[in-house]
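Trainee: turn this into a model:
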Amino acid sequence: MHLLSVGSLGSLVFLFATVLRQASSLETVVGMYGQTLEIPCNKGVVKAEDVLITKWKYDKGDRRVGDLLVRTKTESVSIIATDEYKDRINMAANSSLLLSAAKLSDQRTFTCMVVLSLDINEYPVNVVVYKAPAGVEISDKAPELEIGKPTKLATCVAKDANPAANITWLKNNKPLVDGGKGVSIRASVQVDPVTGLSSTSSTLEYSATKEDADAQFSCSARHQVGKELTSPELTFTITYSTETIILQVIAPEPLLEGDNVTLKCVADGNPAPTSFNFHLKGDVIPVKNTNTYTLAHVSRDTTGEYQCSLIDNPAMMASKNVTVNYLDINLSPTGNVIKTAGEALELSFQIDSSGESKVSWTKDNVKLDKEPKFNKLKYSDSGFYEGEVKMGALRRKASFDLVVEGAPVIKQLSKHRSEDGQHKVLICEAEGSPKPSVSWSINGTSYDESPFVNGKVTHKITVVPAVNLTVYCTVSNEYGVDTRDINVSSLFEEVRVDKRDQSDDADQTKLVVGVVVGLLIAAMVIGLAYGIYQKKSKQGSWKTGEKENGSSEEERKLEEKVEENSQKAEV
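Mentor: Alright, predicted model coming up:
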């Protein structure tokens, strides 16, 4: 097949104009400003081996067409363009047009023409070039804002974008809307005549309020490509006249006698006032270049109402109550208190406070349900007593250490056998104070004495009594003596009794059986003897010289004996 030369390509266009097939819809490719743009050709609709010639051209406007480059099946790429594109174009292996350093002027239609053996196809592509703004800048910042007065706050500019960027104003990161309360926004767009890039300007006019004193203003730019850009945050000085004034009391909590109190007058004007009058319970003290006044070493008499006002506007005044807290307690008696058992102890606990207080008591650090009463002292009343008074965070404590003394008394004297059964344990429980000494009238071992608590002591002794005896326990202190005795049986006698008791149960059954059997045998013997006796009596075989039938008295006794033995046998 004969291939056409590049020079004859123009005539081919006219020869085959009737067979041209246009794309049903115009494809659009988006490129980034300054980067290389790849414009596809036919997207694989035509197989590469079927293509004889591939040519790229572009729309120059006014129905004019500019040639860019061409490639035949047997030849490499040939650049035809002689204008600005000659150094920026190339053709990829897949026939795509590669356009470097994309500009806004490249936003036009580029057409890929494919020549086949019997056909010519064209694939037009519309090119759009985007550019994100270079950044956002704020200019013309207002030096300060006055409450209620519309003021040009600043101008925000997003430079060199395509298409133009959109600008949003924000206060404390929340968008401001044109026409909102105190908000007016004017925006404009300027196009660079050389680059064709657009710069967006937005001016914010704002009516400030008192709450804007710490507000942070900023602007952001949004674009079809690239990330959102945000300006640095701005703050403004808000000026306004004093509308309110308050008096603050700076003092420890709770405020006690001897503390220092600072009165601080705070006005909301901006710039803030610097001169004030302090009204101290009838005295007026002016201060300049400060808004504080200190009351040193306050007392309970300092309690009262205090005021402050503006020197240039005395009607602007604030007041505050100051309360000096105090808590005084007086406990009687205190310290070490020594009393005798059975006596009464009267407590006096007086409280003087600036507010409602609560009282609690402990004995030996254990909380009591109520205030202790001592109508008749017991040894168990001895201990360390502490009363605590609370008024808010304020606390006071007073205490006394009570010791109840008296002659010792033995409360109980008891005995029991040890677990191994080899000893007797004697226990003597006594009360008294000071701690009584304990003695026994018998020697023993394993002496054991309990701790002396609440005037009580318990003393144990282990003994092995060989005979029955009476043991005495004696307790004594400086106030007197008490003695009590207890009978203690011999341990060996108890052992013999125990052994006998243990054999009683085993032998009881044998004894009962033996008695029954013996009685039965005795009854039988007596019955037999009685029969022989009767027989011999009738035969006159007795040699007593009495009647044959025997005396009635003997006969009666014999019968009673037989009957008695019979009853025993039945038992």
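
Trainee: correct me, but residue 308 touches residue 317?
Mentor: Yes - under the contact definition of Cβ atoms under 8 Å, residue 308 touches residue 317, with a separation of 7.0 Å. Every C-beta, even on glycine, is put in place using the N, C-alpha and C of the backbone.

Trainee: shared neighbours of the two, anything?
Mentor: residue 245 (Cβ atoms under 8 Å, 6 or more residues apart in numbering).

Trainee: of these two, which one has the most company?
Mentor: Between residue 308 and residue 317, counted using other Cβ atoms under 10 Å, the more crowded position is residue 308 (28 against 15).

Trainee: please list all residues in contact with the more buried one.
Mentor: When contacts are taken as Cβ under 8 Å, 6+ apart, residue 308 is in contact with 245, 247, 263, 265, 276-279, 293, 317-318.

Trainee: do residue 75 as well
Mentor: No contacts exist for residue 75 under Cβ under 8 Å, 6+ apart.

Trainee: nearest to residue 349, of the contacts of residue 308?
Mentor: Nearest to residue 349 among those: residue 263, at 37.1 Å, using Cβ to Cβ.

Trainee: now for the closest residue to residue 364 other than its chain neighbours, how many residues are close by?
Mentor: Nearest residue to residue 364, sequence neighbours excluded (Cβ to Cβ, 6 or more residues apart in numbering): residue 383, at 4.7 Å. Applying other Cβ under 10 Å, we find 19 residues neighbouring residue 383.

Trainee: I'd say residue 218 and residue 229 touch.
Mentor: No - the pair residue 218 / residue 229 is not scored as a contact, 10.7 Å apart, by Cβ under 8 Å.

Trainee: below-threshold pLDDT in the stretch 401-550 of the chain: ranges please.
Mentor: Along the stretch 401-550 of the chain, segments meeting pLDDT under 70 span 446, 492-550.

Trainee: one more time with 50
Mentor: The model of the stretch 401-550 of the chain has pLDDT under 50 over residues 495-517, 532-550.

Trainee: where do the strands of it begin and end?
Mentor: Remark: strands assigned in the stretch 401-550 of the chain by DSSP state E, counting those that start in this stretch are 424-433, 437-440, 445-449, 456-463, 469-477, 480-488.

Trainee: dump the ones you listed into TSV; add distance to residue 171 as well.
Mentor: Putting these into TSV (distance: least, Cβ to Cβ, whole Å) gives the following:
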stretch	distance to residue 171
strand 424-433	82
strand 437-440	90
strand 445-449	85
strand 456-463	81
strand 469-477	88
strand 480-488	93
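
Trainee: now, of those strands, which is deepest in the fold?
Mentor: Compared across the strands of the stretch 401-550 of the chain, strand 424-433 shows the largest average neighbour count, a mean of 22 (mean count of other Cβ atoms under 10 Å).

Trainee: partner strands of that one and their direction?
Mentor: Note on strand 424-433: by DSSP bridges, its sheet partners are strand 394-417 (antiparallel), strand 456-463 (antiparallel).

Trainee: could you check the angle the shortest one makes with strand 469-477?
Mentor: Put plainly, it is strand 456-463. For strand 456-463 against strand 469-477, the angle by axes from the mean of the first three to the mean of the last three Cα atoms, to 10 degrees is 150 degrees.

Trainee: need the helices for the chain, in chain order.
Mentor: Ranges of helices within the chain are 9-15, 491-539, 552-570, based on DSSP state H.

Trainee: what sits against residue 205?
Mentor: With Cβ under 8 Å, 6+ apart, residue 205 has these contacts: 150-153, 183-186.

Trainee: in the protein, where is pLDDT below threshold?
Mentor: Across the chain, the ranges flagged by pLDDT under 50 are 1-24, 495-517, 532-552, 554-555, 558, 561-563, 565-571.

Trainee: that one - how does it break down into domains?
Mentor: 6-130, 136-239, 245-322, 405-492 (automatic domain parsing).

Trainee: same list, these, but as a markdown table with distance to residue 363 please.
Mentor: Converted to a markdown table, those look like this (distance: least, Cβ to Cβ, whole Å):
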| stretch | distance to residue 363 |
| --- | --- |
| domain 6-130 | 88 |
| domain 136-239 | 58 |
| domain 245-322 | 29 |
| domain 405-492 | 10 |
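
Trainee: for residue 362, find the nearest of these.
Mentor: Closest among the domains of the chain, once you apply Cβ to Cβ, is domain 405-492, at 15.7 Å.

Trainee: check contacts around residue 126.
Mentor: Contact criterion Cβ under 8 Å, 6+ apart gives 26-29, 108-109 as the residues in contact with residue 126.

Trainee: which ones are touching the residue nearest to it when sequence neighbours are not counted?
Mentor: Excluding the flanking residues, the one nearest residue 126 by Cβ to Cβ, 6+ apart is residue 28, at 4.5 Å. Taking Cβ under 8 Å, 6+ apart as the criterion, residue 28 is in contact with 125-128.

Trainee: ok, residue 28 to residue 108 distance?
Mentor: Distance, residue 28 to residue 108, by Cβ to Cβ, to the nearest Å: 12 Å.

Trainee: mutual contacts of the two, please.
Mentor: In contact with both residue 28 and residue 108: 126-127, using Cβ under 8 Å, 6+ apart.

Trainee: quick one on the thing from earlier: could you measure from the residue nearest to residue 126 over to residue 39?
Mentor: Relative to residue 39, residue 28 is positioned 10 Å away (Cβ to Cβ).

Trainee: residue 167 too?
Mentor: 32 Å.

Trainee: and if you look at residue 52?
Mentor: From residue 52 to residue 39 the distance is 21 Å (Cβ to Cβ).

Trainee: so for these two, which sits in the more crowded spot?
Mentor: When neighbours are counted by other Cβ under 10 Å, residue 39 comes out ahead of the other of residue 52 and residue 39, with 23 against 15.

Trainee: all the strands of the stretch 1-150 of the chain, in order from the start?
Mentor: Residue ranges of the strands in the stretch 1-150 of the chain, as given by DSSP E, counting those that start in this stretch, are 27-32, 37-39, 53-61, 64-72, 78-79, 89-91, 97-99, 109-115, 120-130, 136-139, 145-146.

Trainee: residue contacts, the residue nearest to residue 364?
Mentor: So residue 383 contacts 363-364, 401-402, 454 (Cβ under 8 Å, 6+ apart).

Trainee: over to residue 262?
Mentor: Neighbour list for residue 262: 249-251, 292-295 [criterion: Cβ under 8 Å, 6+ apart].

Trainee: restrict these to the buried ones and give me that as a PyMOL selection.
Mentor: Those of those that count as buried under 16 or more other Cβ atoms under 10 Å are selected in PyMOL with:
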select buried, resi 251+293+295
